[in-house]
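can't give you the sequence, but here's the structure:
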């Protein structure tokens with residue numbers, strides 16, 4: 001489902017009905033789903049925020065061709081991800097990695113949020129990432145704050161959908 005981050009309302013969505021034999025198999029299923037959801041926003045410079053299941057370099061390039069930006073967490077075991085972001089860092093340390101493609105510039109931000117856990121965020125919106133003010137002891141990069149803020153809309157719609165379940169009451 002696609003949710004408006006500010007209004008926290010459902011913008012577009014469709015149910016998963018199992019394997020689709022008409023789908024183009026040269027494109028990954030997560031990329032195909034996102035492209036199907038956001039096609040009404042093409043050519044309008046929108047920012048698309050998605051979670052680690054959907055985020056990929058291929059999706060970022062495809063959305064850039066349609067004049068949309070992508071921001072999303074990315075799994076550390078994704079194949080096109082370079083080895084450098086996977087390295088362990090100091091606590092609350094931020095490292096940037098950039099990739100230039102023919103269509104866009106992609107920034108990978110690695111942030112060590114906990115001792116044993118780091119987060120990697122892929123972005124075509126932020127060419128450079130600034131760290132929040134010095135008063136903040138966690139020194140979160142602005143891209144992490146942006147990602148957290150925009151994912152809240154999906155969480156609200158998920159909570160509302162669970163309240164109105166179609167399961168039979170016992």
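Nice, thanks for sending it over. What you see is a predicted model, and the numbers here were worked out from it, not measured in a lab.

how far does the helix or strand where residue 152 lies sit from its chain's centre?
Element membership of residue 152, judged by DSSP states H and E, is helix 142-163. Relative to the centre of its chain, helix 142-163 is centred 11 Å away, using CA atoms, centre = their mean, to the nearest Å.

name the residues that touch that helix?
Under the contact criterion CB atoms under 8 Å, 6 or more residues apart in numbering, helix 142-163 has outside partners 1, 3-10, 47, 49, 51, 71-73, 107, 109, 111, 113, 119, 121, 123, 125-126, 129-132. For every residue, glycine as well, the C-beta is placed using N, CA and C.

in ChimeraX, how would I select the buried members of those residues?
Only the buried entries of the contacts of helix 142-163 go into this ChimeraX selection, using 16 or more other CB atoms under 10 Å:
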select :3,5,47,49,71,72,73,107,109,111,119,121,123,125,126,129,131
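
what sits closest to the residue nearest the centre of the chain if chain neighbours are left out?
With distances taken as CA atoms, centre = their mean, residue 72 lies nearest the centre of the chain, 1.9 Å away. Using CB to CB, 6 or more residues apart in numbering and skipping the chain neighbours, the partner closest in space to residue 72 is residue 55 (3.4 Å).

can you tell me the element the one you found falls in?
Using DSSP H and E, residue 55 falls outside every helix and strand.

torsion angles phi and psi at it?
Backbone torsions of residue 55, given as degrees, to the nearest 10, read phi -70, psi 130.

just the contacts of helix 142-163: which are in strands?
3-4, 9-10, 47, 49, 71-73, 107, 109, 111, 113, 119, 121, 123 (DSSP state E).

return the item of the residues you listed having minimum pLDDT.
In terms of pLDDT, the lowest of the ones in strands among the contacts of helix 142-163 is residue 113, showing 73.

ok, now which ones touch it?
92, 119, 138, 140, 144.

which residues touch stretch 98-108?
Taking CB under 8 Å, 6+ apart as the rule, stretch 98-108 contacts 57, 60-61, 64-65, 74, 81-82, 85, 96-97, 120-124, 126-129, 143.

buried set for it?
Applying 16+ other CB under 10 Å to stretch 98-108 flags 104, 106, 107, 108 as buried.
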